[in-house]
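1. Sequence first, predicted coordinates after that:
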Amino acid sequence: MGNFKEDVARVEAFVFDVDGVMTDGTITPTPDGDFIRHYFAKDGYAMAYALREGLKICVISGGRGAMLENRLKLLGVTRMYLDCMDKVQAMEEFFSDYGINAENVIYMGDDIPDLECMRRVGVPVCPADAAMEVIEASRYVSEYDGGRGAVRDIVEQVLRAKDLWAKNLKGVLGTKQ
C-alpha cells in the first residue's frame with residue numbers, strides 16, 4: 001500500500017456491492033417477486049463512462065431481481081454475480097478471468113458481508129453511511145452516502161487520476177456532443 005493518489009491512478013477495475021453502495025439500501029418487494037431499488041443517475045453515468053474508458057467493473061451482490069440485472073446491463077456491466085452467497089469466490093473468479101491484479105482494484109462495500117473482499121484488494125473504499133467496521137477497513141470513505149454519489153465520487157477520482165475525466169463525452173449514455 002502506497003500513496004492513495006498513486007494507488008488510485010493504477011486502478012484497473014472496480015468491484016461494487018449493490019444495496020447500500022449503488023442504492024441507499026432501501027428495497028421494496030413487488031407482487032411479482034422482483035425488488036424496486038432506487039439508483040442515483042450520476043453514479044450510473046460514472047460507471048458507464050469508466051467502462052467506455054476501458055476499466056473493468058464487476059458487481060457482486062446478495063441481491064437479485066430482473067430490474068437490478070436490467071439496470072446493470074443498461075450501464076454496460078457484463079460481469080455481475082447476483083444472489084451471490086460467496087463474494088470472495090466471485091471476486092477471485094473475476095480477477096482470474098480478466099488477469100486482474102487485486103492490488104489494482106477498488107472494492108466499494110458498505111456492510112459486514114463486504115469485509116473479506118475489502119481485505120483482499122489494494123484500495124478498499126466505502127460510502128459515508130457504511131457500517132463502522134467497513135469504515136475502519138477502508139482506505140477512503142466517500143463524503144457521499146450509498147446511492148447518493150459515493151460510486152460517482154470514487155470513479156471520478158480514478159478517471160481524473162488517469163487524466164480521462166471529461167475528455168471525450170461523446171457517446172456516454174446518450175450524450176450527443
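-> All right, it came through fine. Numbers count the residues shown, from 1 in each chain.

2. Need the pLDDT of the residue nearest to D17 when sequence neighbours are not counted.
-> In space, and not counting its chain neighbours, D17 is closest to G109: 4.7 Å by C-beta to C-beta, 6 or more residues apart in numbering. The way it works is simple: take the backbone N, C-alpha and C, and place the C-beta from them, glycine included. pLDDT for G109: 98.

3. Provide a list of residues in contact with G109.
-> Applying C-beta atoms under 8 Å, 6 or more residues apart in numbering, one finds that G109 lies in contact with D17, V21, L115, C117, M118, P124, C126, A130, V134.

4. residue ranges with poor pLDDT in the chain?
-> Along the chain, segments meeting pLDDT under 70 span 1, 168-177.

5. in it, which spans are helices?
-> For the chain, applying DSSP state H gives helices covering 4-9, 41-52, 66-75, 87-98, 115-119, 132-137, 150-161.

6. Give the phi and psi angles for the residue nearest to D17, as a check.
-> phi -130, psi 170 (degrees, to the nearest 10).

7. how much space between it and H38?
-> Distance from G109 to H38, counting by C-beta to C-beta, to the nearest Å: 19 Å.

8. what about stretch 109-118, start to end distance?
-> 7 Å (C-alpha to C-alpha, to the nearest Å).

9. I'd like to know how many residues surround T78.
-> Neighbourhood size, T78 [other C-beta atoms under 10 Å]: 12.

10. Quick check: which of the helices of the chain is nearest to T28?
-> Of all the helices of the chain, it is helix 66-75 that lies closest to T28, at 10.5 Å by C-beta to C-beta.

11. dump the residue contacts of M80.
-> Here M80 is in contact with C58, V59, I60, S61, E69, L72 (C-beta under 8 Å, 6+ apart).

12. mind redoing it with 6 Å?
-> The contact partners of M80, by C-beta atoms under 6 Å, 6 or more residues apart in numbering, come to V59, L72.
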